[in-house]
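**Q** I would like to see how this sequence folds:
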Amino acid sequence: VNLLERMKYDRIFVVSPSVKSNKDLMDRLKLDPMDVFEDVNDISLLDEIKRRIEQERDDLELYRKKKKQFDQIMSNGGKRLSDDTLMSMYSPGTMGFTAPTHRYNGKQPMMCILFDDCVGSLLFTKGIRKLNQLVIYHRHLGQFQEGGALGCSLFFLVQSYKCQAGGISKCIRGNVTSLAVGKTKSGKELLDIAEECSNEVSQEQFLALHKHATGESKYDFLFIDFHPKDEHPSGFRQNLSPFLIP
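**A** Numbering: from 1, shown residues only. Coordinates of the predicted model:
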């Protein structure tokens, strides 16, 4: 929640059966109740979220079109616009032309989807192929006619990084851009994560970094950035700030 607040997302979709039990915490995100999906066995929710993202795209494209027309009216009286277009922007109440409005004042909305406590659900089993497609395609969601897309970030909160069935798929793990690893009692799970970080550091270095990062508080975690910026001294951090040098 702290991270999502810092990112200042305009719209957050939450897919979680336990969202009400974390109500005090989740209320900080000022979620629209309509953007909260509690039935994680309903695979169609992915299509609905995609539809809402595309609606945001449509709203923004329509606003841009009307804003361009409004600017034409203000600059040259709308001489090149049809009568229907002029009348669609005329406001009888003000006896003039009204500027179009947009939910985000013409800005491309930043959006994300938070998946929490979904391990073992139909979404992660029967619907895993559709979920994998979303993971691969997420930055292309809401494509514009003139090119580009709104895109949507994805966050997965899980208590087990790997499990026999109904967990984080290999496709999802392979597309992870950053990973926050808290304390765990499972040495095997840490080794699994270390293996997937083998291009970054050795297994021994990873275990040492994790021990150092999580050694002070039960809330501490090792943050792994798989695509650090050139100016960053490392792709590893303790929590979200101090860089750790392997």
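**Q** Wasn't residue 224 part of a helix?
**A** No. Residue 224 is assigned strand when assessed by DSSP: H, G, I helix; E, B strand; the rest coil, not a helix.
**Q** Could you find the closest non-adjacent residue to it?
**A** Distances taken as CB to CB, 6 or more residues apart in numbering put residue 179 closest to residue 224, at 4.4 Å, once the chain neighbours are dropped. Every C-beta, even on glycine, is put in place using the N, C-alpha and C of the backbone.
**Q** And residue 118, by the same measure?
**A** residue 40 (4.8 Å).
**Q** Got phi/psi on the one you found?
**A** Backbone geometry at residue 40, expressed as degrees, to the nearest 10, gives phi -80, psi 0.
**Q** For burial, what's the neighbour tally of it?
**A** 22 (other CB atoms under 10 Å).
**Q** ok so, going back, can I get the CA coordinates of the helix or strand where the residue nearest to residue 224 lies in PDB?
**A** Following DSSP states H and E, one finds residue 179 within strand 178-181. This file holds the C-alpha atoms of strand 178-181, laid out as PDB (Å, rounded to 0.1, in the frame of the first residue of the first chain):
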ATOM      1  CA  SER A 178      11.100  -6.100  -9.600                       C
ATOM      2  CA  LEU A 179      10.700  -8.500  -6.600                       C
ATOM      3  CA  ALA A 180      10.300  -7.800  -2.900                       C
ATOM      4  CA  VAL A 181      11.300 -10.900  -0.800                       C
END
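**Q** Kindly spell out which helices and strands sit in contact with the helix or strand following that strand.
**A** Using DSSP H and E, the helix or strand that directly follows strand 178-181 along the chain is helix 187-196. Judged by 3 or more CB pairs under 8 Å, 6 or more residues apart in numbering; DSSP states H and E, helix 187-196 is in contact with strand 178-181, helix 203-213.
**Q** Out of those, flag the one nearest residue 197.
**A** Residue 197 lies closest, by CB to CB, to one member of the helices and strands packed on helix 187-196: helix 203-213, at 5.4 Å.
**Q** Okay, angle between the closest one and helix 187-196 too, please.
**A** Here helix 203-213 runs at an angle of 120 degrees relative to helix 187-196 (axes from the mean of the first three to the mean of the last three CA atoms, to 10 degrees).
**Q** Show me the contact partners of helix 203-213.
**A** 181, 190-191, 193-195, 197, 200-201, 220-223, 236-239, 244, 246 (CB atoms under 8 Å, 6 or more residues apart in numbering).
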